[in-house]
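Engineer: show me how the following folds:
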Amino acid sequence: MKTSAAVLCGTAVVLAGTLTAAPAEAGTTSSANAVQTAKVTWKKCATDAYPTLQCGTVKVPLDYARPQGRKITLALSRVPHTARKFQGPLLVNPGGPGGSGLTLAGFVASTLPKTVASQYDVIGFDPRGVGKSKPALDCKPGYFNPVRPASVPSTPAIEKANLERAKSFAAACGRKYADVLPYINTISAVKDMDSIRKSLGAKKINYFGYSYGTYLGQVYAKLFPHRVRRLVLDSIVNPDGVWYDDNIGQDYAFDARHKALMAWIAKYNSTYKLGTDPAAIEAKWYAMQAELAKKPAGGKVGAAELEDTFLPGGYYNGYWPQLAQAFAAYVNDHNPAPLVKAYQSLAAIDASGDNGYSIYAAVQCRDVAWPRDWKQWEKDNWAVYAKAPFNAWNNAWYNAPCAFWPTKSLKPVNVANSQLPPVLLFQATNDAATPYQGGVTVHRLLKHSSLVVEQGGGNHGISLSGNACLDKYLAKYLTDGTVPRGHGTADAVCQKTPDPKPQSTAKSAMATDQSADAPGSDALHRMLGFRG
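Structural biologist: Numbering: from 1, shown residues only. You can find the predicted model right below:
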């Protein structure tokens, strides 16, 4: 996962030969085209940060094979264009699956250069089942309430406890949403995107997606290639690995990012006093985890919750100062309070998180086939754990309901596409959630795409996040469709932004309290969330 852009420029990518086109049972594009949608009525829903934000809804079929049947409601948001030149709607999505995109519209519109944003209606949406869309799924409220069993199944009892949790979640979804679950999947979501296009009265859409939102973009472009005007994908899902193999790949990459955090802490021993040897600091972290397995901090942060708390540091290094401070306070001062506070801010799951996880599971478990034999999971995840222990079993249990999911699986979509206009791709070389190979693969699959690489960057979601070099390419593309053209895999390379500096305890505490409405990179990464 540390491979540089320069090395991968010459690497051949083998495309999976088993991918198929969109399955017939998911409905065809012709059935989607038969859907009639009403024009959106917009109402003010401004916030202090986004004073021009508007909200609306659109009704779409639950089942696109039966367009006149049951309807569901999608929640939309909009920041309308103000310039004389109008380039149409720009749909934005923060990923997940399960992420709400309503606030992201305000963020994108306010963070792009005003001359660029003013030419678009920036459109956010909650995908089917998410947030303010109806029905919104919540399979098992409180599923992540602390303290959960430890992730590493070091005893049969721990493994059994985690297996029972996963089975119970899948069963709860099946009981509660039997009539809905077959229609919660990526293909249905992209057909919803085309219904949104129709409701806006647009012949084509512009689209800007982060994380899982890049897979939505890939599949939309495959099903509706002639409806794509501009397409921006940032932190790119590898379509060859959806979803089991992609999650295995994440484990190695997150372990590498965890080690990067340990090295950063070692660099600032004068602040954190945890030592100057990253390996020794990492050993202290695992010792802390073992202690918390026996006595959870504040009755809330056990071994699994500790992993949850430090996982966001793999997505965004802006969290490193408060994580390091909480780590140091626990180890050096026997003070668990900062660790509990970091957990509550970065990892604790509320009702919206329960909803997001329900959609995450529903989409990923339905999209493609997962191993149904738990022995396969055991074999694969113990192999990962031997080399990359940080997130291996935590991630396995997060996805384990898919081994018991009550709906049949669809087939992967072959997203290879030669029918698109120029497409702009952004990828960091050390991204853990969507490792670098995803950007390489999609660049090869989308014939007219250009790949802009953040060399050495490890954050997930890199444009509109403070890197002026990356944002220059984004602004140029959204202004006039221009993309960089280079040789090899990377068409353009930007250097990563510097890692953060240690903060005072007060600043670290304030950082954990920032809301998604706050401006800047922290706000973006809170909207992108974790796991997707």
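Engineer: surely Ala329 touches Ala342?
Structural biologist: No: counting by C-beta atoms under 8 Å, Ala329 sits too far from Ala342 to count as a contact (9.8 Å). For the C-beta atoms, the positions are set from N, CA and C on the backbone; glycine is no exception.
Engineer: between these two, which one's more packed in?
Structural biologist: Ranked by neighbour count (other C-beta atoms under 10 Å), Ala329 and Ala342 place Ala342 first, with 28 against 19.
Engineer: can you tell me the SS state at that one?
Structural biologist: helix (DSSP: H, G, I helix; E, B strand; the rest coil).
Engineer: leaving out the residues flanking it, which one is nearest to it?
Structural biologist: Ala326 (4.4 Å; C-beta to C-beta, 6 or more residues apart in numbering).
Engineer: now the helices for the stretch 101-250 of the chain?
Structural biologist: 102-111, 114-117, 156-176, 186-199, 212-223, 244-267 (DSSP state H, counting those that start in this stretch).
Engineer: deepest of these, which one?
Structural biologist: helix 212-223 (a mean of 27; mean count of other C-beta atoms under 10 Å).
Engineer: what is that helix packed up against?
Structural biologist: In terms of contacts (3 or more C-beta pairs under 8 Å, 6 or more residues apart in numbering; DSSP states H and E), helix 212-223 is packed against strand 89-93, helix 186-199, strand 205-210, strand 228-234, helix 437-445.
Engineer: partner strands of the first one, with direction?
Structural biologist: The strands beside strand 89-93 in its sheet (DSSP bridges) come out as strand 121-126 (parallel), strand 205-210 (parallel).
Engineer: hang on, the earlier thing: could you dump the helices of the stretch 101-250 of the chain to TSV with mean pLDDT and distance to Gly142?
Structural biologist: Below are the helices of the stretch 101-250 of the chain laid out as TSV (pLDDT from 0 to 100; distance: least, C-beta to C-beta, whole Å):
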stretch	mean pLDDT	distance to Gly142
helix 102-111	98	24
helix 114-117	98	39
helix 156-176	98	11
helix 186-199	98	26
helix 212-223	98	24
helix 244-267	98	24
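Engineer: just send those helices back as TSV, with distance to Asp367 too.
Structural biologist: Output for these, formatted as TSV (distance: least, C-beta to C-beta, whole Å):
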stretch	distance to Asp367
helix 102-111	22
helix 114-117	32
helix 156-176	15
helix 186-199	5
helix 212-223	9
helix 244-267	11
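Engineer: so for Arg66, which of those helices sits nearest?
Structural biologist: Arg66 lies closest to helix 186-199 among the helices of the stretch 101-250 of the chain, at 12.2 Å (C-beta to C-beta).
Engineer: could you list the low-pLDDT ranges of the protein?
Structural biologist: Scanning the chain for pLDDT under 70 picks out 1-34, 505-520, 532.
Engineer: the strands in it, which residues?
Structural biologist: Under the criterion DSSP state E, the chain carries strands at the ranges 43-44, 54-61, 71-79, 89-93, 121-126, 205-210, 228-234, 423-428, 449-455, 492-495.
Engineer: related to what we said a few turns ago, of the strands paired with strand 89-93, which is nearest Pro51?
Structural biologist: strand 121-126 (13.9 Å).
Engineer: please report how far Glu164 lies from Arg526.
Structural biologist: For Glu164, the distance to Arg526 equals 32 Å [C-beta to C-beta, to the nearest Å].
Engineer: then Gly356?
Structural biologist: Distance check for Gly356 against Arg526: by C-beta to C-beta, it reads 13 Å.
Engineer: between those two, which is the more surrounded one?
Structural biologist: The neighbour count for Gly356 versus Arg526, taken as other C-beta under 10 Å, is higher for Gly356 (27 against 22).
Engineer: list the contacts of that one.
Structural biologist: 96, 98-100, 130, 529 (C-beta atoms under 8 Å, 6 or more residues apart in numbering).
Engineer: which members of those occur in helices, if any?
Structural biologist: Among the contacts of Gly356, no member is found in helices (DSSP state H).
Engineer: and those, which are buried?
Structural biologist: Buried subset of the contacts of Gly356 (neighbour count, 16 or more other C-beta atoms under 10 Å): 96, 98-100, 130, 529.
Engineer: out of the residues you listed, the closest to Thr497 would be?
Structural biologist: Gly529 (20.6 Å).
Engineer: just to check, the closest one is in contact with Pro94?
Structural biologist: Yes: Gly529 is within contact range of Pro94, at 6.9 Å (criterion: C-beta under 8 Å).
Engineer: quick revisit: save the strands paired with strand 89-93 as a markdown table, and put in distance to Asn247 and mean neighbour count too.
Structural biologist: As requested, those are exported to a markdown table (distance: least, C-beta to C-beta, whole Å; neighbours: other C-beta atoms under 10 Å):
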| stretch | distance to Asn247 | mean neighbour count |
| --- | --- | --- |
| strand 121-126 | 24 | 27 |
| strand 205-210 | 18 | 27 |
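Engineer: same list (those) but as CSV, adding distance to Lys43.
Structural biologist: Converted to CSV, the strands paired with strand 89-93 look like this (distance: least, C-beta to C-beta, whole Å):
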stretch, distance to Lys43
strand 121-126, 14
strand 205-210, 22
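Engineer: nearest to His460, out of those?
Structural biologist: Nearest to His460, of these and by C-beta to C-beta, is strand 205-210 at 8.0 Å.
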